[in-house]
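1. kindly generate the corresponding structure for this input.
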Amino acid sequence: MNELHEKVGCIHMHSIYSDGSGTIEEIIDAGISVGLDYLMFTDHFNLKPIENGYEGWNDQLLSLFGYEHNDKNDENHYMLFDMDKVMPKDFTVEEYVKTAAKKGALGIIAHPDEIRSHLVSYPPYPWTHWELDGFDSIEIWNQMSHWMEGLTKWNKAWRWLHPRSSLITPTDRILEKWDELNLQRRISGIGGVDAHQYIHKLSIGIKVKVFPYKVLFKTIRTHLLFYEPLNPGDHVVDSKNRFINAIRSARCFISNYKLGDARGFRFWAETDAKSYSMGQSVPIPQEGVNLQVTLPADAVIRFVYNGKRGGRVTGDSATRIVKEPGVYRVEVSY
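-> Sure thing, here's the model as predicted:
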């Protein structure tokens, strides 16, 4: 396998520039404190952090800024990066997806399959226009969506105190949709924390932070892989383009940090002539393609072919020879 260079970080967070409570500086400090390599901010309808000079490297951490768009019904939320300006709020979902694609922006569907009813003030914000083309990626695992979907009056206090412990796996609903769409064209999957650091008033003069940024940055992480090193101090525009390309090319994977650090996971394909990284198309020779997985620790590995899960393999590596064309991915659990 060719050497790949890994960057680990969090996508989808909100600051005081929209409905989050933290300053950009506070959020960056939280990311640095837990060892992240990057943060991708998505304040609602707001790109002013870029105008104010926040995009770039801070020590070892790269901060990138996009924004989150939605339609007039507060549905079809869409995270956008590399836009020169915010599109009009009255745009339909068809208009903002099409316009962003024309501009070459990275478009990520946010929390697409939300189903929840426990908190009336926080209704679901699903994606309802799967017929549209032009998006690049799907947020297949959203920390806040996952937390709220399993909420009941009986477990609310426990889940409030232990937000990381409720994370298990992305829903079968979204994984099935993702697999289905990838049979038509390549669409990457990313994970999002959807961090806001809500301020909750317990009583007069007493406020608490609900889901601090630092806590959520230790939940769902997205790992990006690069063919060449990417170092602090590199030109910001070049670094941003390389991040966008990694996501668009599906050279990425998602991990739940609550279960451990997934740095070092690799999934690739080999033929006699060449090795291929995640996201690439592989010509199938007569003898087949060797799919290989390596992990940083022992776990349960499952190959998934065109949405169908195969048998389990336990260990820190696995191989599989395949001769059938299709879409292959891997799931790892403990």
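
2. output the below-cut-off pLDDT ranges for the stretch 51-200 of the chain.
-> Scanning the stretch 51-200 of the chain for pLDDT under 70 picks out the ranges 116-123, 147-148, 150-152, 154-165, 199-200.

3. what segments of it are strands?
-> 56-58, 61-69, 78-81, 106-109, 137-142, 188-192, 198-203 (DSSP state E, counting those that start in this stretch).

4. mind checking which of those is nearest residue 95?
-> Between residue 95 and the strands of the stretch 51-200 of the chain, the shortest gap by CB to CB is with strand 61-69, which sits at 10.0 Å. Bear in mind the C-beta positions are built from the backbone N, C-alpha and C, glycine included.

5. now do the closest one: distance to the chain's middle.
-> 12 Å (CA atoms, centre = their mean, to the nearest Å).

6. run me through the strand neighbours of it, direction for each.
-> Take DSSP bridges as the rule and strand 61-69 pairs in its sheet with strand 38-44 (parallel), strand 56-58 (antiparallel), strand 78-81 (antiparallel).

7. got the CA coordinates for it in CSV?
-> Provided in CSV are the C-alpha atoms of strand 61-69 (Å, rounded to 0.1, in the frame of the first residue of the first chain):
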residue,chain,number,x,y,z
LEU,A,61,-4.8,22.7,14.0
LEU,A,62,-6.3,24.0,10.7
SER,A,63,-9.7,25.8,11.0
LEU,A,64,-11.8,25.9,7.9
PHE,A,65,-15.1,27.7,7.5
GLY,A,66,-18.2,26.9,5.5
TYR,A,67,-21.8,27.5,6.3
GLU,A,68,-25.1,25.7,6.7
HIS,A,69,-28.0,26.5,4.4
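
8. now for the longest helix along the chain, which elements pack on it?
-> Ranked by number of residues, the top helix in the chain under DSSP state H is helix 236-248. Other elements packing on helix 236-248 under the criterion 3 or more CB pairs under 8 Å, 6 or more residues apart in numbering; DSSP states H and E are strand 56-58, strand 61-69, strand 106-109, strand 188-192, strand 220-226.

9. rebuild those as TSV, extending it with distance to residue 280 and mean neighbour count.
-> Below are these laid out as TSV (distance: least, CB to CB, whole Å; neighbours: other CB atoms under 10 Å):
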stretch	distance to residue 280	mean neighbour count
strand 56-58	29	17
strand 61-69	24	24
strand 106-109	19	26
strand 188-192	12	25
strand 220-226	11	23
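
10. re the thing from before, which of the strands paired with strand 61-69 sits closest to residue 17?
-> Short answer: strand 38-44, nearest of the strands paired with strand 61-69 by CB to CB, at 4.2 Å.

11. for that closest one, list the C-alpha coordinates in PDB.
-> What follows is strand 38-44, C-alpha atoms only, in PDB (Å, rounded to 0.1, in the frame of the first residue of the first chain):
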ATOM      1  CA  TYR A  38      -8.600  20.300  12.000                       C
ATOM      2  CA  LEU A  39     -12.000  21.800  12.600                       C
ATOM      3  CA  MET A  40     -14.600  22.500   9.900                       C
ATOM      4  CA  PHE A  41     -17.100  25.200  11.100                       C
ATOM      5  CA  THR A  42     -20.600  25.500   9.700                       C
ATOM      6  CA  ASP A  43     -22.500  28.500  11.200                       C
ATOM      7  CA  HIS A  44     -25.900  29.100   9.700                       C
END
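
12. what residues are up against residue 71?
-> Residues near residue 71 by CB atoms under 8 Å, 6 or more residues apart in numbering: 91-93.

13. which of these tops the neighbour count?
-> residue 93 (20 neighbours; other CB atoms under 10 Å).

14. setting aside sequence neighbours, what's the nearest residue to that one?
-> residue 76 (4.2 Å; CB to CB, 6 or more residues apart in numbering).

15. count the residues that sit near that neighbour.
-> Number of residues near residue 76 (other CB under 10 Å) recorded here: 23.

16. for residue 22, see how far away it is.
-> Separation of residue 76 from residue 22 (CB to CB, to the nearest Å) stands at 26 Å.

17. same check on residue 42?
-> Taking CB to CB, one finds residue 42 at 14 Å from residue 22.

18. which one's more surrounded, these two?
-> residue 42 (29 against 22).

19. mind pulling up the pLDDT for the more buried one?
-> Listed pLDDT for residue 42 reads 99.

20. quick check: it vs residue 275, distance?
-> 34 Å.

21. circling back: which stretch among the strands of the stretch 51-200 of the chain comes nearest residue 245?
-> strand 106-109 (9.0 Å).

22. what helices or strands is the closest one leaning on?
-> Against strand 106-109 (3+ CB pairs under 8 Å, 6+ apart) you get strand 78-81, helix 93-103, strand 137-142, helix 236-248.

23. got the angle for the last one vs strand 188-192?
-> An angle of 110 degrees separates the directions of helix 236-248 and strand 188-192 when computed by axes from the mean of the first three to the mean of the last three CA atoms, to 10 degrees.

24. tell me, how many residues neighbour residue 294?
-> 16.

25. which element is it on?
-> strand 289-305 (DSSP states H and E).

26. list the strands paired with that strand, with their directions.
-> Its sheet considered, strand 289-305 pairs with strand 266-270 (antiparallel), strand 308-322 (antiparallel), strand 328-333 (antiparallel) by DSSP bridges.
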